[in-house]
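>>> Coordinates for the following, if possible.
(one chain, ligands or ions: 1)
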Amino acid sequence: MFKVSIFFSEDIEKVLIGNILLENKIFFKVYEKIKCKDFFFKKNQLIFEKIKKLLFSNIKVDPIVLLENINNKKFINIKYINSMINMAYKRRNIKFYTNIIKQKSLQRKFFIFIEKIKNETKKKPFKKIVNIIYKKLDNFFIKEVKSKTLKKKFKEYFNKYKKNYKNILTGYTKLDKLTMGLHRGELVIVAGRPSTGKTAFVINICENISINLINKKNLQSVIFTMEMSSEQILVRLLSSILNINSCKIIKKNIKKEKILKTKKKILKSKIIMDDSSNLTPEKLKIRIKNIINRKKIDVVIIDYLQLMNIDEYKENRTNEVSKISRSLKNIAKEFNISIIAVSQLNRNSEQRYDKIPILSDLRESGSIEQDADLIILMYNNNYNEDETKFIVAKNRNGPTGIFKLKFIKKITKFKNL
Ligand SMILES: Nc1ncnc2c1ncn2[C@@H]1O[C@H](COP(=O)(O)OP(=O)(O)OP(=O)(O)O)[C@@H](O)[C@H]1O
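The predicted structure follows:
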């Protein structure tokens, strides 16, 4: 049996390298997953690195070729190399060995990381400690980028088809027709001037996908609401479900039996609300990760982007917003979720004769235009107060266009026309 300690296993490192020496093509299978620094023992790190250099120069590696290319033969001698071959003989559980080496490497890194944090935060106030941990944890979890062969990507794509893996319908038919629904891995921006109903629109989408079974089953959504409290969001949802003016609910002007009518729907709903302020991309990522550890997330809503910030950011606000929108896109890709972020527009559209918003009106926009996959600009129709126009101004994977929805203000609900 192999000897395995918490932080390393000399036997498993040796048996893996031994296998590579017996059959060079194993190296290319494991190289995607482990690098020379993942080995604990210096000798094994040096040997793995040497094998890599030789194989990348198209030189077949066996024990003799390896030894020839080792500079310090006192440190690594033929006896050591042969011991690897002897251990490897007839053992082929490569995936298992690779996983163990990677796991041990991550555990070592994590303990070093904890030690560093202990030293760095000794004399810092608690708030600073929390910020340092958020930042460092984010760096720690950065995934190694893996390149994929077309063959592998095709298999993944085909599996999605088999599982009937669908895009997420919002319930707004004209929008769904233009965009084919929300897509996982994508960032959607919903922008408009104040009080155009941006919050209402994203909450309505959330209600459709997580309460109203628009996609035949309720999908999981998470609302990060920095502008309104969770209670205010709940009131809007109740008002929409019951078709009762939200003011009446706030004033407690309706019978409690009416509220109880929503109980069944609410119990079956799949919405998580988070109304903490001072959200940074790092905090957002950790919060999403915490939820993903428990359940699959389909859509994340952020209300609104300009209320997010980056800790201790001293540069100008445009660069800060750019960094935030870039992070949101990365988070959507990394967790394979759809992110809808509400955004404010600057006053420019109001100075124009027709008041119709355009992409450059995105306030402090920075790189929002580049980072977003879909940008929806909202504005109120001056001639008909009950109608709101939506301009799909950017659609990375489909056509742009305009559609209208009916806005029933007292219940803050948009309806298909
Ligand atoms: N109970 C109600 N009766 C009538 N109108 C209402 C009621 N509740 C909200 N509204 C109106 O609905 C509109 C939509 O508000 P919402 O908060 O969704 O817009 P917003 O674009 O997100 O605003 P902001 O830019 O302030 O975040 C506002 O004009 C508001 O006055």
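>>> So which residues on this protein come close to the ligand?
192, 194-200, 227, 245-247, 409-410, 412 (Cβ under 6 Å from any ligand atom). All C-beta spots, glycine's among them, are computed from the backbone N, C-alpha and C.
>>> Around whichever residue of the stretch 1-150 of the chain sits closest to the ligand, how many other residues sit close by?
The nearest approach of the stretch 1-150 of the chain to the ligand comes at residue 134, 26.5 Å away (Cβ to the nearest ligand atom). Here the number of neighbours of residue 134 (other Cβ atoms under 10 Å) works out to 17.
>>> same check, this time on residue 88
21.
>>> residue contacts, residue 302?
Contacts for residue 302 were tallied using Cβ atoms under 8 Å, 6 or more residues apart in numbering; they are 224, 226, 279, 284, 308, 328, 339-342.
>>> Would you convert those into TSV that also reports pLDDT and secondary structure?
Below are the contacts of residue 302 laid out as TSV (pLDDT from 0 to 100; DSSP: H, G, I helix; E, B strand; the rest coil):
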residue	pLDDT	secondary structure
224	95	strand
226	91	coil
279	87	coil
284	88	helix
308	89	coil
328	93	helix
339	97	strand
340	97	strand
341	96	strand
342	95	strand
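>>> looking at it, the residue of the stretch 1-150 of the chain closest to the ligand is touching residue 279, isn't it?
No: counting by Cβ atoms under 8 Å, residue 279 is not a contact partner of residue 134; they are 10.9 Å apart.
>>> what's the closest non-adjacent residue to residue 227?
Nearest non-adjacent residue to residue 227, counting by Cβ to Cβ, 6 or more residues apart in numbering: residue 303, 5.4 Å away.
>>> give the contact list for the one you found.
With contact taken as Cβ under 8 Å, 6+ apart, residue 303 is in contact with 198-199, 202, 223-228, 342.
>>> mind redoing it with 7 Å?
Residue 303 sits next to 199, 202, 225-227, 342 when contact means Cβ atoms under 7 Å, 6 or more residues apart in numbering.
>>> Which pLDDT does the model give it?
On pLDDT, residue 303 comes in at 93.
>>> Scan the residues of the chain next to the ligand and report the most crowded one.
That'd be residue 192 among the residues of the chain next to the ligand, by other Cβ under 10 Å, with 26 neighbours.
>>> what's the closest of the contacts of residue 303 to the ligand?
The ligand has its nearest neighbour among these in residue 199, at 3.4 Å by Cβ to the nearest ligand atom.
>>> Quick check: phi and psi on that closest one?
Dihedral angles of residue 199 (phi, psi; degrees, to the nearest 10) stand at phi -60, psi -40.
>>> what's the distance between the closest residue to it other than its chain neighbours and residue 224?
With sequence-adjacent residues excluded and distances taken as Cβ to Cβ, 6+ apart, residue 199 is closest to residue 303, at 5.5 Å. Computed with Cβ to Cβ, to the nearest Å, the distance linking residue 303 and residue 224 is 7 Å.
>>> so who does residue 413 touch?
Residue 413 neighbours (Cβ under 7 Å, 6+ apart): 204, 240.
>>> And the next helix or strand past the longest helix along the chain?
Selection of the longest helix in the chain by residue count, based on DSSP state H, yields helix 94-121. Using DSSP states H and E, the helix or strand that follows helix 94-121 towards the C-terminus is helix 126-141.
>>> how is the protein carved up into domains?
Listed domain ranges for the chain are 1-162, 166-416 (source: automatic domain parsing).
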